[in-house]
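Engineer: coordinates only, no sequence provided:
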Ligand code: TXA
Ligand code: MG
């Protein structure tokens, strides 16, 4: 599909009665009718299409260049809408919904097959969430259909945290972009499978394991996230993701050893970038040194991570050397994304 002109709607997320504003109404109508529109959520921008329509879902996969065996998350405005898509909502799942929705938590439930088979990639389950963003909620309410939405980036690239990132990747390939400003959390939602007695984290994200356990008791982590060789239960997890064009390495020993590696690559004539934190920025000399915030404030690091990865590409950096982060709290999601961006290349 090609939309020669992508419509660009600017919406102030703090405005009252957002669902009444003409930009939201127009975008919602396009979604309802089967076109695809990008919109902000609290995590990253999503590329939304009517989850009941095969055609609309096809357009999402085409625009992103996404492998068709990777299912999509269905976004809804209310728990009542979830009931219409699933066979049942187990008690633990309901507890998690009540604790974290609207918010960055996606829950995998047994599907009743009402959404397009393209959304679920023929799985017997469906992933659902209520996003915590006034623009997303207004759009979902106004469209009044479940909206399938992956991150609004070209498949494999860092997810978009601004409308400009979406425009860079998808301009001319989608009907429209609702610009509601920079997103907040910055990494995607946590995906948790609630089809068995004990919930299983399939993808770490904005809600931490500790937060889930506080509400639902013991929670498992899909072994495929930790060990090579296991088939992941979240199909999307197996693809290279979040990767800038530059080749990226994670360095566990910094700053001295990281700087030595910078020097070696620069001697080979490469343009080298360093991804570090505010506390450590003065330790390095390289072609481009970027930070996502203070190491002590991992929420801010998560929020800025993807935009920073994209910046290295804007400056045509050949090699990125990134410091590692503790896998605690949202650090788990940060390291998951960095490891994927680096294709697990750790020095
Ligand atoms: O924060 C987010 O989750 C963003 C915003 C736009 O909501 N969306 C997002 O979508 O990250 P996407 O398509 O980039 O990632 C969806 C993830 C993939 O890893 C996919 O495999 C998994 O969710 N998923 C979707 N449906 C599933 C299912 N039925 N069973 C297991 N995993 C599923
Ligand atoms: Mg994605």
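Structural biologist: Yep, that arrived. All figures in this text were calculated on a predicted structure; none of them were measured in a lab. Residues are numbered from 1 along each chain as shown. Ligands and ions are numbered 1, 2, ... in the order given.

Engineer: which parts of the stretch 101-250 of the chain sit against ligand 1?
Structural biologist: 104, 106, 108, 120, 123, 125-127, 131, 149-151, 188-189, 191, 202-203, 233-237 (C-beta under 6 Å from any ligand atom). (Glycine included, C-beta is placed from N, CA and C.)

Engineer: let's go with 5 Å and repeat that
Structural biologist: Selection of the stretch 101-250 of the chain residues close to ligand 1 by C-beta under 5 Å from any ligand atom yields 108, 123, 125, 127, 149-151, 188-189, 191, 234-236.

Engineer: in strands, which of those residues appear?
Structural biologist: 108, 125, 127, 191 (DSSP state E).

Engineer: where in the stretch 101-250 of the chain is pLDDT low?
Structural biologist: 227-232, 235-240 (pLDDT under 70).

Engineer: show me the helices in the stretch 101-250 of the chain, by range?
Structural biologist: When assigned using DSSP state H, counting those that start in this stretch, the helices of the stretch 101-250 of the chain occupy the ranges 117-120, 134-143, 163-170, 209-216.

Engineer: about what we covered before: just the buried residues from the residues of the stretch 101-250 of the chain next to ligand 1, in PyMOL please.
Structural biologist: With 16 or more other C-beta atoms under 10 Å as the criterion, this PyMOL line picks the buried residues out of these:
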select buried, resi 108+123+125+127+149+150+151+188+189+191+234+236
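
Engineer: now, which of the residues of the stretch 101-250 of the chain next to ligand 1 sits nearest residue 68?
Structural biologist: Nearest to residue 68 among those: residue 235, at 10.1 Å, using C-beta to C-beta.

Engineer: now tabulate the residues of the stretch 101-250 of the chain next to ligand 1 in TSV and tack on distance to residue 78.
Structural biologist: Formatted as TSV, these follow (distance: C-beta to C-beta, whole Å):
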residue	distance to residue 78
108	19
123	23
125	20
127	17
149	16
150	21
151	23
188	22
189	17
191	20
234	25
235	27
236	25
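
Engineer: out of the ones in strands among the residues of the stretch 101-250 of the chain next to ligand 1, what pair is the most spread apart?
Structural biologist: Pairwise distances among these were taken by C-beta to C-beta; the largest, 10.9 Å, belongs to 125 and 191.

Engineer: which residues are in contact with both of the two?
Structural biologist: Applying C-beta atoms under 8 Å, 6 or more residues apart in numbering, one finds that residue 125 and residue 191 are jointly contacted by residue 108.

Engineer: contacting residues around the nearest residue to residue 137 once chain neighbours are set aside?
Structural biologist: Leaving out its chain neighbours, the residue that sits closest to residue 137 by C-beta to C-beta, 6 or more residues apart in numbering is residue 77, at 5.8 Å. With contacts defined as C-beta under 8 Å, 6+ apart, residue 77 is in contact with 130, 137, 140-141.

Engineer: mind running it again at 6 Å?
Structural biologist: 137, 140-141 (C-beta atoms under 6 Å, 6 or more residues apart in numbering).

Engineer: which SS state does it fall under?
Structural biologist: The three-state label given to residue 77 by DSSP: H, G, I helix; E, B strand; the rest coil is coil.

Engineer: that older thread, pick the one among the contacts of residue 77 closest to residue 284.
Structural biologist: residue 137 (41.8 Å).

Engineer: what is the burial count for the closest one?
Structural biologist: Neighbour count of residue 137, defined by other C-beta atoms under 10 Å: 20.

Engineer: just to revisit the earlier point, looking at the residue nearest to residue 137 now. What's its pLDDT?
Structural biologist: Each residue has a pLDDT score; the one for residue 77 is 97.

Engineer: just to revisit the earlier point, let's have the helices of the stretch 101-250 of the chain in CSV, adding distance to residue 274.
Structural biologist: Below are the helices of the stretch 101-250 of the chain laid out as CSV (distance: least, C-beta to C-beta, whole Å):
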stretch, distance to residue 274
helix 117-120, 40
helix 134-143, 34
helix 163-170, 22
helix 209-216, 30
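
Engineer: which one of the ones you listed is the most hemmed in?
Structural biologist: Of all these, helix 134-143 has the most neighbours on average by mean count of other C-beta atoms under 10 Å, namely a mean of 24.

Engineer: can you tell me which helices and strands that helix packs against?
Structural biologist: Counting contacts by 3 or more C-beta pairs under 6 Å, 6 or more residues apart in numbering; DSSP states H and E, helix 134-143 packs against helix 22-32.

Engineer: name the residues that touch the helix it packs on?
Structural biologist: Counting by C-beta under 6 Å, 6+ apart, helix 22-32 makes contact with 9, 11, 18, 37, 48, 50, 138-139, 142-143, 145, 175-176, 178, all of which sit outside it.

Engineer: parallel or antiparallel, list what pairs with whichever helix or strand comes after it.
Structural biologist: On the C-terminal side of helix 22-32, the closest following helix or strand by DSSP states H and E is strand 37-39. Applying DSSP bridges, strand 37-39 is found paired with strand 46-50 (antiparallel), strand 176-179 (parallel).
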